[in-house]
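Novice: Turn this into a model:
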Amino acid sequence: MEETCSRRGCLKVAAAVVGGMVLPSGTSSSVLAGDESDGAIDAHVHVWTPETERYPLAAGFRRDEMKPPSFTPEQLFEHARPCGVSRVVLIQMSFYGFDNSYMLDSMRRFPRVFSGVAVVDDSSGDPPAQMRELAKKGVRGFRIYPRNLPVDGWLNGDGMQSMWKCGAEEGLAMCHLVNPDAVAAIDRNCAKFPDTPVVIDHFARIGVDGAIRQHDLDALCRLARHRKTHVKVSAFYALGAKKAPYLDLIPMIRRLLDAFGPERLMWATDCPYQVQEGHAYADSIALVRDRLDGLSDGDREWLLWKTAEKVYFG
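Specialist: Below is the predicted model of the structure:
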């Protein structure tokens, strides 16, 4: 499917796209951003490079598992800039394990364009010390998920508890990649650490099997009573019918708007997966920008940039 964007967005950032592909290496990366304060924020993108000698893959990962073989910031900009996206939250890619180097180097290359969500090992060393050190480099959140632990108790370990405590003290978000069955444990931890910013990725994957179950949505919406909990309205390619224009996801988005309000929801793509297998970047942003009827301009601003700015660029 060919990507198409609003005329305003295309005109606004066309020069940035061209610049992102041809500017010499010494040119300021701020040129690529346009006016970073005037544009959408994609709150969830993964980047990686085929330069595996410089950025080795973690144990257990193979180069042929990198699909596409490359998704660098420059390749991202080709999709994002024509759609009026001026800033992006990078999420540490699993290929690199606990080595956040490529994400951090990308953030340094493009100052003011990227924020970062890193990964640290909660089972060894001093997780809060690692978090504070990464925060100095622009990281504003930490990706956590159950791995092989039981979903009822995956947040109970000393290291994980120390991370949540540090998150409250430093304003660093705990960013959850989970299925619906893990939401109950998150609910309990939110009650224990009410000052810790929390972000739930991809609607807690409700609808990943094609079915959007009411009880799963009810559990996710119960998190709204915790004032620092946010949800990413994202990964449309992977949920429900998995087919653009993704209109079947609108009832779920409306339910979350009723529960959380637009001030605690943020749009994201989950690129590069949103631009594979016939899916398009423009279709993702269009669902929120053009196809959610009844929203005020202010509501759309929160969904498209203000919530992500508050959590990740504050």
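
Novice: now the strands for the stretch 101-250 of the chain?
Specialist: Secondary structure of the stretch 101-250 of the chain by DSSP state E, counting those that start in this stretch: the strands cover 114-118, 139-144, 173-176, 198-200, 229-233.

Novice: To E53, which of the ones you listed lies closest?
Specialist: With CB to CB as the measure, strand 114-118 is the member of the strands of the stretch 101-250 of the chain nearest E53 (22.3 Å). In this view, the C-beta of every residue, glycine as well, is placed from N, C-alpha and C.

Novice: Adjacent strands (with direction) for the closest one?
Specialist: Taking DSSP bridges as the criterion, strand 114-118 sits next to strand 85-91 (parallel), strand 139-144 (parallel) in its sheet.

Novice: Save those as a markdown table, and put in mean neighbour count and mean pLDDT too.
Specialist: Putting those into a markdown table (neighbours: other CB atoms under 10 Å; pLDDT from 0 to 100) gives the following:
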| stretch | mean neighbour count | mean pLDDT |
| --- | --- | --- |
| strand 85-91 | 26 | 98 |
| strand 139-144 | 24 | 98 |
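
Novice: For V45, find the nearest of the ones you listed.
Specialist: Of all the strands paired with strand 114-118, strand 85-91 sits nearest to V45, with 5.1 Å by CB to CB.

Novice: before we move on, the earlier item: tabulate the strands of the stretch 101-250 of the chain (JSON lines), appending distance to S86.
Specialist: Shown next, in JSON lines, are those (distance: least, CB to CB, whole Å):
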{"stretch": "strand 114-118", "distance to S86": "11"}
{"stretch": "strand 139-144", "distance to S86": "17"}
{"stretch": "strand 173-176", "distance to S86": "21"}
{"stretch": "strand 198-200", "distance to S86": "20"}
{"stretch": "strand 229-233", "distance to S86": "18"}
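
Novice: Okay, now the unreliable bits of this protein?
Specialist: Where the chain drops to pLDDT under 70, the residues are 1-37.

Novice: Next, the residue most central in space within it: phi, psi?
Specialist: The chain has H44 as the residue nearest its centroid, 2.1 Å off, counting by CA atoms, centre = their mean. With angles defined as degrees, to the nearest 10, H44 sits at phi -160, psi 100.

Novice: Next up, the contacts around it.
Specialist: Listed by CB atoms under 8 Å, 6 or more residues apart in numbering, the contact set of H44 reads 89, 91, 201-202, 232, 234-235, 268-271.

Novice: out of these, who has the most neighbours?
Specialist: When neighbours are taken as other CB atoms under 10 Å, the top entry among these is T269 (29 neighbours).

Novice: Need the phi and psi values for that one.
Specialist: Phi and psi for T269, reported as degrees, to the nearest 10, are phi -100, psi -40.

Novice: can you tell me which residues contact the closest residue to it other than its chain neighbours?
Specialist: Distances taken as CB to CB, 6 or more residues apart in numbering place S284 nearest to T269, at 4.8 Å, with adjacent residues excluded. Contact partners of S284, counting by CB under 8 Å, 6+ apart, are 236-237, 246, 267, 269, 274.

Novice: Can you get me the centre-to-centre distance for the helix or strand hosting S284 and its chain?
Specialist: In the assignment (DSSP states H and E), S284 maps to helix 281-289. Relative to its chain's centre, helix 281-289 lies at 15 Å (CA atoms, centre = their mean, to the nearest Å).

Novice: Give me the buried positions along it.
Specialist: By neighbour count on 16 or more other CB atoms under 10 Å, the buried set for helix 281-289 is 281-289.

Novice: coming back round to it: now distance to L155 too, for the strands paired with strand 114-118, in JSON lines please.
Specialist: Listed next are the strands paired with strand 114-118 as JSON lines, based on distance: least, CB to CB, whole Å:
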{"stretch": "strand 85-91", "distance to L155": "19"}
{"stretch": "strand 139-144", "distance to L155": "8"}
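
Novice: So for R254, which of those strands sits nearest?
Specialist: R254 lies closest, by CB to CB, to one member of the strands paired with strand 114-118: strand 85-91, at 23.5 Å.

Novice: contact partners of that closest one?
Specialist: Strand 85-91 is contacted by residues 13, 33-47, 76, 80, 103, 106-107, 112-117, 140-141, 143, 175, 268, 285, 305, 308-309, 312-313 when judged by CB under 8 Å, 6+ apart.

Novice: Any of those buried? List them.
Specialist: Buried residues within those, counting neighbours by 16+ other CB under 10 Å: 13, 33-34, 36, 39-47, 76, 80, 103, 106-107, 113-117, 140-141, 143, 175, 268, 285, 305, 308-309, 312-313.

Novice: Find the nearest non-adjacent residue to V178, please.
Specialist: Spatial nearest neighbour of V178, excluding adjacent residues (CB to CB, 6+ apart): A204 at 5.6 Å.

Novice: The one you found: neighbouring residues, count only.
Specialist: Neighbour count of A204, defined by other CB under 10 Å: 24.

Novice: can you tell me how far it sits from R132?
Specialist: 28 Å (CB to CB, to the nearest Å).

Novice: Many thanks, I have nothing further to ask.
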